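Peer 1: just to be clear, the model below is a prediction. Sequence and coordinates:
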Amino acid sequence: MARVITITSGKGGVGKTTTTANLGTALAMQGQRVVAVDADIGLRNLDVVMGLENRIVYDLVDVVEGRCRLRQALIKDKRFPELFLLPAAQTRDKDAVSPEDMIELCNSLRREFDFVLVDSPAGIEGGFRNAIAGADEVLIVTTPEVSAVRDADRIVGLVEAFEKGHPRLILNRIRPQMVNRGEMMSKEDVVEILAIDLIGVVPDDEVIVTSTNRGEVAVMQKGSQAGRAYTDIARRLLGEDVPMLVLTDDQSLLDKFMGALGLRPRRTVR
Amino acid sequence: MSAPIAIKGNKEGLRLMLAEDAPWDEVMAALRSQLERGTEFFHGAELTIDVGDRAVQDGELSGLLALMHEHGLQPSALATNSREGRSAGRSAGIATRPTNRHVPTPQPSGETDAALMVARTLRSGQVLRHHAHVTIVGDVNPGAEVIAGGSVLVWGRLRGTVHAGALGDSSAFVCALELMPSLLRIADTMARQPDQRPAGPETARIKDGQIEVEQWEAGKTRA
């Protein structure tokens, strides 16, 4: 039975698209048949992050409006034969699609795939409503900032009102050193406010920026902490019991020197 | 019914009950003074107007609707049993439905102003509005709003905005296991968020015209 999972956040720029691309790739690497759907119509991004932008012929709106068959619009990722992308239209806006269209689209995709990951636009208006219309499950991405958490809280309320069950939380871009210094909200602080289940914590990682620019996702990079975190989330989605990553500090030179001399225990964040 | 107006609430929402026998001017005057006292409570509220058997006229109804809109109310329906009422509703463009106000609705233990209990977290953007006391078992998160005619009791963390006694009752109070509202109002009095995280459960009430917060002490008698 296929699962339709929408990735959303409320606030923009917290990592919805990066999360969709990484989870999609990680699930495909685990042998699942995956399609990533870009529901951010008019602000197409997912294709760039996945490195597939120059292969787009048809898009989601073409499918909905019947200008092409669903199969024609799906772009196959050459690196992972089980991974596909359904790109958004760049020249249209959110009103080109209705929630009913999205439900129908998700149901057709269910027949072909194990996972349908829907990348939601920011906001709480039509685009967001379209993105969650066909969802079985919702993942909410937030960063440890008061504004992002406030928006995530609003989204949790809306997801519950739309009867999409209990959304799960991905806490993105956490910086252990700042948390230790008390300058950043901790995992516990965020979970205390949102009171929903945490499915993963992703550390702030420069690899995200460099890999995004190259159209390669972090889960493909060996040694990337963020990539590792996304792989763990994918395994948790598959029902595996994977312990939460213990994030180590991004150490300064002095820290490394002190550490080498054994003068200070390595700090960790749970 | 003795009072010219009464505000009731149930699962379907708020209901404004207008006396059937009192002179219309008196009803309007009572409503105007109530709306002026509870501005915050009424702003944006949807409610049903219940005129019962009164044969309300076109001009009377349009005056009533104008007064309500002026105070930000959103009347959603007119409950009326008279032909005149239905016709007035039609010309004013508001949905009409029959009312059975003389059938007593069962109230727990003879209370007329039923308190509301909600067992969930109120999240950012959610508004809870009730004409009487409110109990919330759960948190009130930043960005959420509780507006109550009576007192507000939160068995959890209160971090959103809260307005108790929003219909003008300055004896209303607010208490929470962790009382950290971003804005706290009782009747017309206002207080800002405290700087420190409270050590335990607290109660806020009006004393000498100001909101005072005191720690909950077991065994202490309260008004």
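Peer 2: Cool, got the structure.
Peer 1: quick one: the helices in the chain, in order.
Peer 2: As the question left the chain open, I've gone with chain A. Here chain A has its helices, by DSSP state H, at A:16-29, A:46-49, A:60-64, A:70-73, A:99-110, A:126-133, A:146-161, A:176-180, A:187-194, A:206-214, A:225-237, A:253-260.
Peer 1: try again with chain B
Peer 2: Applying DSSP H to chain B gives helices spanning B:24-37, B:39-42, B:58-70, B:83-92.
Peer 1: about what we covered before: out of the helices of chain A, which one sits most buried?
Peer 2: helix A:16-29 (a mean of 28; mean count of other Cβ atoms under 10 Å in any protein chain shown). All C-beta spots, glycine's among them, are computed from the backbone N, C-alpha and C.
Peer 1: which strands and helices sit next to that one?
Peer 2: strand A:3-8, strand A:34-38, helix A:46-49, strand A:83-86, strand A:115-119, strand A:137-142, strand A:168-174, helix A:225-237 (3 or more Cβ pairs under 8 Å, 6 or more residues apart in numbering or on different chains; DSSP states H and E).
Peer 1: domain parsing for chain B?
Peer 2: Following automatic domain parsing, chain B resolves into domains at B:5-97, B:116-215.
Peer 1: deepest of those domains, which one?
Peer 2: For the domains of chain B, the largest average neighbour count (mean count of other Cβ under 10 Å) is found in domain B:116-215, namely a mean of 19.
Peer 1: that domain and chain A, any residue contact?
Peer 2: Yes - using Cβ under 8 Å from any Cβ of the partner chain, we find that domain B:116-215 touches chain A at B:121, B:123-126, B:139, B:141-143.
Peer 1: picking up where we left off before, what would the helices of chain A look like in CSV with distance to B:Arg192 and mean pLDDT?
Peer 2: Output for the helices of chain A, formatted as CSV (distance: least, Cβ to Cβ, whole Å; pLDDT from 0 to 100):
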stretch, distance to B:Arg192, mean pLDDT
helix A:16-29, 35, 97
helix A:46-49, 43, 94
helix A:60-64, 47, 95
helix A:70-73, 54, 95
helix A:99-110, 41, 96
helix A:126-133, 33, 95
helix A:146-161, 17, 94
helix A:176-180, 28, 92
helix A:187-194, 20, 94
helix A:206-214, 39, 90
helix A:225-237, 39, 96
helix A:253-260, 41, 53
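Peer 1: redo the ones you listed as TSV? Include distance to B:Trp216.
Peer 2: Listed next are those as TSV, based on distance: least, Cβ to Cβ, whole Å:
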stretch	distance to B:Trp216
helix A:16-29	43
helix A:46-49	52
helix A:60-64	55
helix A:70-73	61
helix A:99-110	47
helix A:126-133	41
helix A:146-161	27
helix A:176-180	32
helix A:187-194	21
helix A:206-214	47
helix A:225-237	41
helix A:253-260	45
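Peer 1: which bits of the stretch 1-150 of chain A sit near chain B?
Peer 2: So far as Cβ under 8 Å from any Cβ goes, the stretch 1-150 of chain A lies against chain B at A:124, A:150.
Peer 1: just the closest residue of the stretch 1-150 of chain A to chain B, please.
Peer 2: Residue nearest to chain B within the stretch 1-150 of chain A (Cβ to the nearest Cβ): A:Arg150, separated by 5.3 Å.
Peer 1: who's in contact with that residue?
Peer 2: Counting by Cβ atoms under 8 Å, 6 or more residues apart in numbering or on different chains, A:Arg150 touches B:124, B:142-143.
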